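Colleague: curious how this folds, go ahead:
(2 chains)
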Number of protein chains: 2
Amino acid sequence: MYTQAQLKDLVEKALLNLSLSSEASKLTEPIRYILSAGGKRLRPILTLMACNLFSDKIDLAVLPAAGLEIFHNFTLVHDDIMDNALVRRNLPTVHIKWNINQAILSGDAMVFIANECFFHLPPEMLQTVLKIYNKTALDVCSGQQLDMDFEKVFTVTEKQYLRMIELKTAALIAGCLKIGAVIGGAGQKESELIYDMGIKLGMAFQIQDDLLDVYGESKTFGKTTGGDIASNKKTFLYIKAMELASGETLKTLQSIFRNTYHNTETKIKRVTEIYDSLNIKAITENLVHHYISDAMTLLDSLPLGNERKCEIVSLINSLSERNI
Amino acid sequence: MYTQAQLKDLVEKALLNLSLSSEASKLTEPIRYILSAGGKRLRPILTLMACNLFSDKIDLAVLPAAGLEIFHNFTLVHDDIMDNALVRRNLPTVHIKWNINQAILSGDAMVFIANECFFHLPPEMLQTVLKIYNKTALDVCSGQQLDMDFEKVFTVTEKQYLRMIELKTAALIAGCLKIGAVIGGAGQKESELIYDMGIKLGMAFQIQDDLLDVYGESKTFGKTTGGDIASNKKTFLYIKAMELASGETLKTLQSIFRNTYHNTETKIKRVTEIYDSLNIKAITENLVHHYISDAMTLLDSLPLGNERKCEIVSLINSLSERNI
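Modeller: Here you go, the predicted model:
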């Protein structure tokens, strides 16, 4: 079995070896920039781990894994335009370092560069994998749309929020796992189980991300703490607090989020205090652990020896503990 | 053999029958909007004609043809943001009717909706077709990049310009033809010949487009006449005029294109007069006919009976005469 570190290394090498040249050299500069800016490489590692669950040989999955990381980074480049995000992985976002037009076009090119990472697969496997990949990509677009829609309304229910992150974040994590499983030779039932596990894992991951934005350490997280509060983003914490708050606390929360608050630091401090008073941190952590536990149960039910599962179990455990 | 009108009808029906639904309903509204705004459907018709050259059965090619039209429309949605174009096919562009973020995201979704139009192909054919499609898409991105790069420089050579339109416009026309040919059962040599013919045709088409922007009738063209002059776009006419002008005429041209000109109508009128004095219209028409003639020569060399070629010959002839 490959260790997580070995798999990350394989992904980094595959990304480095990609021929990202074009006679339109400006097209690929932002692509090299974002791909070399680091990142956990969680998604391609999951692809390779899922492949390795079913097969000792994972060579065939390395390029597709890299392709999925490129797809993920494409969504970051375009989402950062839409969210007007200034910083990503401690560096200026692509549309800030270059401009919006460049970020649109280089992002577009990334989709097709990602596609190329699948074409070496045997034809029948290619067809199966591309169907999964494409459904995943459409889910991610739908999730981003719902996220954008949420910006324009004042109330989002927990259910609506959970469905949005299922599409925007969890679907890709699940798709990455399923694609790895298929390339590793998993049957339909097994690959669907892996997909379901990925959904649970992805839910946990995104809700954890919401938590880290408020309670994480900014250095390890690579973003500024409190950014979601500053931008009135409807995260799980926001939605839960709105649901649980009443009386004066609710009025204060509503007033903070309805009005433009001139001092961002004070705003973050005030909202965090309210979150604390409502026990939001523990509630959110509980939900994360609930999803992690569901993921583990699904993994348990997979008819494979435990020695094959230990790398993925250890990754899931480390995710549930990261940075907090 | 299918007539051009029958093929257009097949494409329109395929586009109408696509299930463009998403639980994020706002995602697909702009997609339905642009796909139902008309257009010549030139690219999918070429796909079907190329298929029909080699096979009497073209069913398999109908959805891929629709997918290529969707891809083309995706490029229009994103290019219109980058060019800040306000009107397309006599309607507001997507980013004007909605907003830039919506145009980015719905455009992205179109790429994956286009992909789905290929997945019914038999696996080996799918692999061959997707490789052509993907190379084409990357060429189009490179072409758009060069086009954007040209905005920032004052001098573009004819050679640079021709290479840019080869990538941005001709590559897609050629790719559409080659994909149709492959689905129709063409061998490698034949499909490459069809591709080369498509490049010539695409060059003629784009240069004709530049010509129509100045000398076309705005109603049939669906854009405002003179738009390229107004926006200082480096078209074939601009580049040729800069090359041929000398003395006072060159100074005037340079001054018009270097400075912001407050009265757009006067600007268009002045530049058109200079184009006329330099015989630019005839020079451009000659180049169009040169490419059309090259395309015809390549088509002639294809070892198929003339009765199979007559629809495509008639399409090429109508393209070389359109609207002027």
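
Colleague: ok, residue A:34 - contacts?
Modeller: Neighbouring residues of residue A:34 by C-beta atoms under 8 Å, 6 or more residues apart in numbering or on different chains: A:73, A:76, A:77, A:88, A:94. Just so you know, the C-beta spots here come from the backbone N, C-alpha and C atoms, and that holds for glycine as well.

Colleague: any chance of those in a markdown table, plus pLDDT and secondary structure?
Modeller: Formatted as a markdown table, the contacts of residue A:34 follow (pLDDT from 0 to 100; DSSP: H, G, I helix; E, B strand; the rest coil):
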| residue | pLDDT | secondary structure |
| --- | --- | --- |
| A:73 | 98 | helix |
| A:76 | 98 | helix |
| A:77 | 98 | helix |
| A:88 | 92 | strand |
| A:94 | 98 | helix |
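
Colleague: closest one to chain B out of those residues, please.
Modeller: Closest approach between the contacts of residue A:34 and chain B, by C-beta to the nearest C-beta: residue A:77, at 10.1 Å.

Colleague: residue A:105 is in contact with that closest one, correct?
Modeller: No - Residue A:77 is beyond contact range of residue A:105, at 10.1 Å (criterion: C-beta atoms under 8 Å).

Colleague: my guess is residue A:109 contacts residue A:27. True?
Modeller: Yes - counting by C-beta under 8 Å, residue A:109 does reach residue A:27; the two are 5.5 Å apart.

Colleague: which residues do those two both contact?
Modeller: Common neighbours of residue A:109 and residue A:27, using C-beta under 8 Å, 6+ apart, are B:141, B:142.

Colleague: what's the distance between residue A:270 and residue A:253?
Modeller: For residue A:270, the distance to residue A:253 (C-beta to C-beta, to the nearest Å) stands at 9 Å.

Colleague: which one of these two is surrounded by more residues?
Modeller: More crowded of residue A:270 and residue A:253, by other C-beta atoms under 10 Å in any protein chain shown: residue A:253, with 20 against 16.

Colleague: does the more buried one sit in a helix, a strand or a coil?
Modeller: helix (DSSP: H, G, I helix; E, B strand; the rest coil).

Colleague: not counting sequence-adjacent ones, nearest residue to it?
Modeller: Leaving aside its sequence neighbours, residue A:253 sits nearest to residue A:245 (C-beta to C-beta, 6 or more residues apart in numbering or on different chains; 5.3 Å).

Colleague: confidence score at the one you found?
Modeller: For residue A:245, the model assigns a pLDDT of 96.

Colleague: for it, what are its contacts?
Modeller: Counting by C-beta under 8 Å, 6+ apart, residue A:245 touches A:253, A:274, A:278.

Colleague: hmm, back to that, scan the contacts of residue A:34 and report the most crowded one.
Modeller: residue A:94 (27 neighbours).

Colleague: ok, so what distance separates that one from residue B:150?
Modeller: From residue A:94 over to residue B:150 the distance is 21 Å, taken as C-beta to C-beta.

Colleague: equivalent analysis for residue A:287, please.
Modeller: 52 Å.

Colleague: the two - which one has more neighbours?
Modeller: residue A:287 (20 against 17).

Colleague: tell me the pLDDT at the nearest residue to that one once chain neighbours are set aside?
Modeller: Excluding its sequence neighbours, the residue lying closest to residue A:287 (C-beta to C-beta, 6+ apart) is residue A:207, at 5.7 Å. Predicted confidence (pLDDT) for residue A:207: 97.

Colleague: ok so, going back, how about the contacts of residue A:34 in TSV, adding distance to residue A:178?
Modeller: Formatted as TSV, the contacts of residue A:34 follow (distance: C-beta to C-beta, whole Å):
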residue	distance to residue A:178
A:73	20
A:76	21
A:77	24
A:88	27
A:94	29
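
Colleague: close to chain B, is the host helix or strand of residue A:176?
Modeller: Element membership of residue A:176, judged by DSSP states H and E, is helix A:171-183. No - using C-beta under 8 Å from any C-beta of the partner chain, helix A:171-183 stays clear of chain B, coming no nearer than 12.0 Å.

Colleague: give the other helices and strands that that helix contacts.
Modeller: helix A:42-54, helix A:59-82, helix A:123-151, helix A:188-215 (3 or more C-beta pairs under 8 Å, 6 or more residues apart in numbering or on different chains; DSSP states H and E).

Colleague: distance from the chain centre to the second one, please.
Modeller: Between the mean C-alpha location of helix A:59-82 and the chain-wide mean there is a distance of 11 Å, by C-alpha atoms, centre = their mean, to the nearest Å.

Colleague: just want the most central residue of chain A.
Modeller: Of all residues in chain A, the one closest to the mean position by C-alpha atoms, centre = their mean is residue A:169, 4.7 Å from it.

Colleague: where does residue A:36 fall, phi/psi-wise?
Modeller: Torsion angles at residue A:36 (phi, psi; degrees, to the nearest 10) stand at phi -100, psi 10.

Colleague: same check on residue A:92?
Modeller: Per degrees, to the nearest 10, the backbone of residue A:92 is at phi -60, psi 140.

Colleague: pLDDT value on it, please?
Modeller: Residue A:92 is assigned 97 on the pLDDT scale.

Colleague: flag every residue of the stretch 151-300 of chain A that's near chain B.
Modeller: Selection of the stretch 151-300 of chain A residues close to chain B by C-beta under 8 Å from any C-beta yields A:163, A:167.

Colleague: pLDDT below threshold where in the stretch 151-300 of chain A?
Modeller: Scanning the stretch 151-300 of chain A for pLDDT under 70 picks out the ranges A:218-224, A:260-262.

Colleague: give me that answer again for 90
Modeller: A:152, A:154-155, A:216-228, A:230-233, A:256-265 (pLDDT under 90).

Colleague: that older thread, go through the contacts of residue A:245 and name the one nearest residue B:32.
Modeller: residue A:253 (38.6 Å; C-beta to C-beta).

Colleague: am I right that the closest one is in contact with residue A:272?
Modeller: No - using C-beta under 8 Å as the test, residue A:253 is too far from residue A:272 to be in contact (11.7 Å).

Colleague: pLDDT score for residue A:19?
Modeller: Residue A:19 is given a pLDDT of 84.

Colleague: can you tell me the closest non-neighbouring residue to residue A:191?
Modeller: Counting by C-beta to C-beta, 6+ apart, residue A:181 is the residue found nearest to residue A:191 once chain neighbours are left out, at 4.3 Å.

Colleague: gap between that neighbour and residue A:307?
Modeller: Counting by C-beta to C-beta, the gap from residue A:181 to residue A:307 is 17 Å.

Colleague: which one of the two has more residues nearby?
Modeller: Between residue A:181 and residue A:307, residue A:181 has the larger neighbour count (other C-beta under 10 Å), namely 30 against 8.

Colleague: redo the helices and strands packed on helix A:171-183 as CSV? Include distance to residue B:177.
Modeller: Converted to CSV, those look like this (distance: least, C-beta to C-beta, whole Å):
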stretch, distance to residue B:177
helix A:42-54, 35
helix A:59-82, 27
helix A:123-151, 23
helix A:188-215, 37
